[in-house]
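A.B. asks: Give me a model of this one.
(one chain, ligands or ions: 1)
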Amino acid sequence: MIEHSTRRRFLAAGASAAAAFSLPRGPALGQTAPRVIVIGGGFAGATAARALKKADPRIAVTLVEANRTFTACPFSNLVLGGLRSLDQQQFGYEGVARDGIEIAFTAATQVEPQSRKVSFATGSALGYERLVIAPGIDIDWNGLPGYSQAAAQKMPHAWKAGEQTLLLRRQLEAMEDGGVVVMSAPANPFRCPPGPYERASLIANYLKTSKPRSKLILLDAKDAFSKQRLFQNAWKELYPDHLEWVALSNGGKVTSVDPAEMTLTTDFAKHKATVANVIPPQRAAHIARLAGVADNTGWCPIDPVTFESKLVPNVHVLGDAIIAGGMPKSAFAANAQAKVCATAIAKLLAGEPPSDPKLINTCYSIVAPNYGFTVAGVYVPVNGVLTDVQGAGGVSPLEAPRSVRAQEALFAEGWFNTITGEIFG
Ligand SMILES: Cc1cc2nc3c(=O)[nH]c(=O)nc-3n(C[C@H](O)[C@H](O)[C@H](O)COP(=O)(O)OP(=O)(O)OC[C@H]3O[C@@H](n4cnc5c(N)ncnc54)[C@H](O)[C@@H]3O)c2cc1C
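C.D. replies: Numbering: from 1, shown residues only. Alright, predicted model coming up:
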C-alpha cells in the first residue's frame, strides 16, 4: 500500500482517512483498517461505497470516479422528448463524501491483482485488500461497421447520458417537420433492455406534438424485447402515424452506417435519416478489461453470492459490466447488487461467511406524459448463476385504465428520486 501522504494528494473530498484509522478496530479486522477501493461512482459503485461504510465504518473506502458530476441515464429519454432538463439528471458527490468516504476524482488506469494495486491517471497508485470495479459500459467501437467516435458526433448514441443526450435533443429540435428519425437497437445483451423502446416512444411523442408530419423508424436487431406487448399496445394507441418498429425478421438488423450519407443499412434496405440515433453494441468498460475481469464475451463473470470476479481473486464487479444471469443491466439492479456485494465484503473482511442473497429489480418505462408501466423480477443464485424466481415478478397488466398508467408514471418518478437520493443525497 502506498504512503498515507501520497494517497492524500489525489483525495479531492471527504478527508475521512484519519477518522477511519482512529476508530477502534475489531480483532477479526486485524491490526490496520482494511482498504476497499471502488472504481466507478455510478449507480453500482457509489451505492457500494456507501453500503460498505455503513456495514463497517472501520473499513477505509476510497471511491475513484472520473467525473465530478454524475449524469444519470434513467429518465434521460424524457430529456430527449423535451419533458425534462438535463440538470435534473445530474448529481454531485458531497453526500458520499459526508459518509467518510475518500473520493479520488481521477480515472483508474491500471489494476495489478498480484500486488493488489490500482494506478490512476494522476500518476498515483493505491493498494487494496479488496477492489470493487463498477465502471458501467463502453460502446464497442468495432461492433458496427461505419460507427466510430467521430460518427457519434453526427449520429449520436446517447447511451451514456450527458453531452450525447444534449446533441441528440438539439438535432431533434432542429429537424424540419416532415423529417425522418431513424433509431437502431442492438442485439442482447446491452444496457437497459427496455430503454430503446421507451426512447422511441418519447421521441414519437415529441414528433406527434411538435412535428406532426415527421416519423420515427426503429430498426431492431431482435424479434422480441422487454415489455413488448405493453409497448406495442401503447404505440398502436398513441403513435400509429409516428412510430414504426422493424423487427429482425423484417430486416431490422442494422449492418452498417454511413454518417456522411446519414444512412443505416440493413440486410433488406438502406434507410436515409434526417436524424439518426444509433444504439450500438456494448461491452464492459475499458478498466474491466484492463483488470482482466472481462471474458471473451466482453462482459465480466462473477460469483452471484459475493460478486467476486470468477477470473481475478479479491476483485468484485458490479452493475452493467457483469454477466448477471437473468438480471437486466439496470440502475435498479446495479444498486441491489452493490448492497449485496458490500455486505459480503464486510463479512469476508471480518472472517465470516457471506449469506445467500435475494435480489429484486424493477424497470419502469414512460411512453408519454402520465403513461408508465413496469416489469419486476426476483433473482437468487442457482448453480452459480443469478436466476429469475418463477412467479415472483411480473409485468403491468396489458389492459388497464389510463389512471393506472398515470399512477405507474408517478411511481417511476418516485423511484428515480428515491434511488438518486439514497445514492447521492
Ligand atoms: C436511455 C437509458 C435509460 C435508462 N433507464 C433506466 C431506468 O429507467 N431504470 C433503470 O433501472 N435503469 C435504466 N438505465 C440503465 C442504467 O443507466 C444503468 O444500468 C446504470 O447506469 C448502471 O450502473 P453502473 O454503476 O453499472 O454504471 P454507470 O451508472 O454508468 O456508472 C459507471 C461510472 O464509472 C465511472 N468510470 C468508468 N470507468 C472509470 C475509470 N476507469 N475510473 C474512474 N471512473 C470510471 C463512470 O464515469 C461512471 O460514473 C437506462 C439507461 C439508458 C442508457
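A.B. asks: you'd agree residue 379 is up against residue 386?
C.D. replies: Yes: here residue 379 lies in contact with residue 386, judged by Cβ atoms under 8 Å, at a distance of 4.6 Å. Just so you know, the C-beta spots here come from the backbone N, C-alpha and C atoms, and that holds for glycine as well.
A.B. asks: Between those two, which contacts overlap?
C.D. replies: Residues within reach of residue 379 and of residue 386 at once, by Cβ atoms under 8 Å, 6 or more residues apart in numbering, are 324, 325, 326, 327, 359.
A.B. asks: got the phi/psi numbers for the third one?
C.D. replies: Torsion angles at residue 326 (phi, psi; degrees, to the nearest 10) stand at phi -80, psi -10.
A.B. asks: Now for it: which residues touch it?
C.D. replies: For residue 326, the contact set (Cβ under 8 Å, 6+ apart) comprises 377, 379, 385, 386, 387, 388.
A.B. asks: Residue 248: neighbouring residues, count only.
C.D. replies: 17 (other Cβ atoms under 10 Å).
A.B. asks: Off-centre distance for the biggest strand by length in the chain?
C.D. replies: Longest strand in the chain, counting residues (DSSP state E): strand 371-382. Distance of strand 371-382 from the chain centroid (Cα atoms, centre = their mean, to the nearest Å) equals 16 Å.
A.B. asks: go on, stretch 324-338?
C.D. replies: That offset, for stretch 324-338, works out to 9 Å (Cα atoms, centre = their mean).
A.B. asks: what's the burial count for residue 127?
C.D. replies: Around residue 127 there are 15 other residues, counting by other Cβ under 10 Å.
A.B. asks: measure it to the ligand for me?
C.D. replies: Taking Cβ to the nearest ligand atom, to the nearest Å as the measure, residue 127 falls 17 Å from the ligand.
A.B. asks: Can I get the longest strand of the chain in PDB? Just the C-alpha atoms.
C.D. replies: What follows is strand 371-382, C-alpha atoms only, in PDB (Å, rounded to 0.1, in the frame of the first residue of the first chain):
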ATOM      1  CA  TYR A 371     -48.300   6.900 -19.000                       C
ATOM      2  CA  GLY A 372     -45.900   4.300 -17.500                       C
ATOM      3  CA  PHE A 373     -45.600   0.600 -16.900                       C
ATOM      4  CA  THR A 374     -43.200  -1.800 -15.200                       C
ATOM      5  CA  VAL A 375     -41.500  -5.200 -15.200                       C
ATOM      6  CA  ALA A 376     -40.300  -6.600 -11.900                       C
ATOM      7  CA  GLY A 377     -38.200  -9.700 -11.000                       C
ATOM      8  CA  VAL A 378     -36.700 -11.500  -8.100                       C
ATOM      9  CA  TYR A 379     -33.300 -13.300  -8.500                       C
ATOM     10  CA  VAL A 380     -31.400 -15.900  -6.500                       C
ATOM     11  CA  PRO A 381     -28.100 -17.700  -7.200                       C
ATOM     12  CA  VAL A 382     -28.800 -21.200  -8.700                       C
END
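A.B. asks: Using CSV, write out every CA atom in the helix or strand just after that strand.
C.D. replies: Per DSSP states H and E, the first helix or strand lying C-terminal to strand 371-382 is strand 385-388. Output in CSV follows, covering the C-alpha atoms of strand 385-388 (Å, rounded to 0.1, in the frame of the first residue of the first chain):
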residue,chain,number,x,y,z
VAL,A,385,-26.0,-18.0,-11.9
LEU,A,386,-28.4,-15.3,-10.8
THR,A,387,-31.7,-16.9,-11.8
ASP,A,388,-35.2,-15.4,-12.1
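A.B. asks: Tell me how far strand 385-388 lies from the chain's centre.
C.D. replies: Relative to its chain's centre, strand 385-388 lies at 19 Å (Cα atoms, centre = their mean).
A.B. asks: quick one: low-confidence ranges for the stretch 151-300 of the chain?
C.D. replies: Per-residue confidence for the stretch 151-300 of the chain (pLDDT under 70) gives no ranges below the cut-off.
A.B. asks: what does it put close to the ligand?
C.D. replies: 159, 191, 192, 195, 199, 285, 287 (Cβ under 6 Å from any ligand atom).
A.B. asks: what residues are up against the residue of the stretch 201-350 of the chain found nearest the ligand?
C.D. replies: Taking Cβ to the nearest ligand atom, the ligand has its nearest neighbour within the stretch 201-350 of the chain at residue 319, 2.2 Å off. Applying Cβ under 8 Å, 6+ apart to residue 319 gives the contacts 40, 42-45, 134-136, 329, 333-334, 337-338.
A.B. asks: now, which of those residues lie within helices?
C.D. replies: Those of the contacts of residue 319 mapping onto helices are 43, 44, 45, 333, 334, 337, 338, per DSSP state H.
A.B. asks: Run through the residues you listed and flag the ones next to the ligand.
C.D. replies: Checking those against the ligand (Cβ under 6 Å from any ligand atom), the matches are 43, 44, 45, 334.
A.B. asks: List the buried residues of stretch 332-348.
C.D. replies: Neighbour-count burial for stretch 332-348 flags 332-348 (criterion: 16 or more other Cβ atoms under 10 Å).
A.B. asks: before we move on, back to that, now for the longest strand of the chain, which elements pack on it?
C.D. replies: helix 228-238, strand 359-368, strand 385-388, strand 394-395, helix 402-424 (3 or more Cβ pairs under 8 Å, 6 or more residues apart in numbering; DSSP states H and E).
A.B. asks: To residue 85, which of the ones you listed lies closest?
C.D. replies: Closest approach to residue 85 among the helices and strands packed on strand 371-382 (Cβ to Cβ): helix 402-424, 14.0 Å.
A.B. asks: Mind jotting down where the helices sit in the stretch 151-300 of the chain?
C.D. replies: Here the stretch 151-300 of the chain has its helices, by DSSP state H, counting those that start in this stretch, at 163-174, 195-210, 228-238, 286-290.
A.B. asks: Identify each buried residue in the longest one, please.
C.D. replies: Judged by neighbour count (16+ other Cβ under 10 Å), helix 195-210 contains these buried residues: 195-208.
A.B. asks: out of the helices of the stretch 151-300 of the chain, which comes closest to residue 73?
C.D. replies: helix 195-210 (7.6 Å).
A.B. asks: could you give the angle of that closest one to helix 163-174?
C.D. replies: 30 degrees (axes from the mean of the first three to the mean of the last three Cα atoms, to 10 degrees).
A.B. asks: What parts of the stretch 301-425 of the chain come near the ligand?
C.D. replies: Counting by Cβ under 6 Å from any ligand atom, the residues of the stretch 301-425 of the chain close to the ligand are 319, 320, 329, 330, 331, 332, 334, 363, 364.
A.B. asks: how about a cut-off of 8 Å?
C.D. replies: 318-321, 328-335, 338, 361-365, 412, 415-416, 419 (Cβ under 8 Å from any ligand atom).
A.B. asks: I am finished for the moment; much appreciated.
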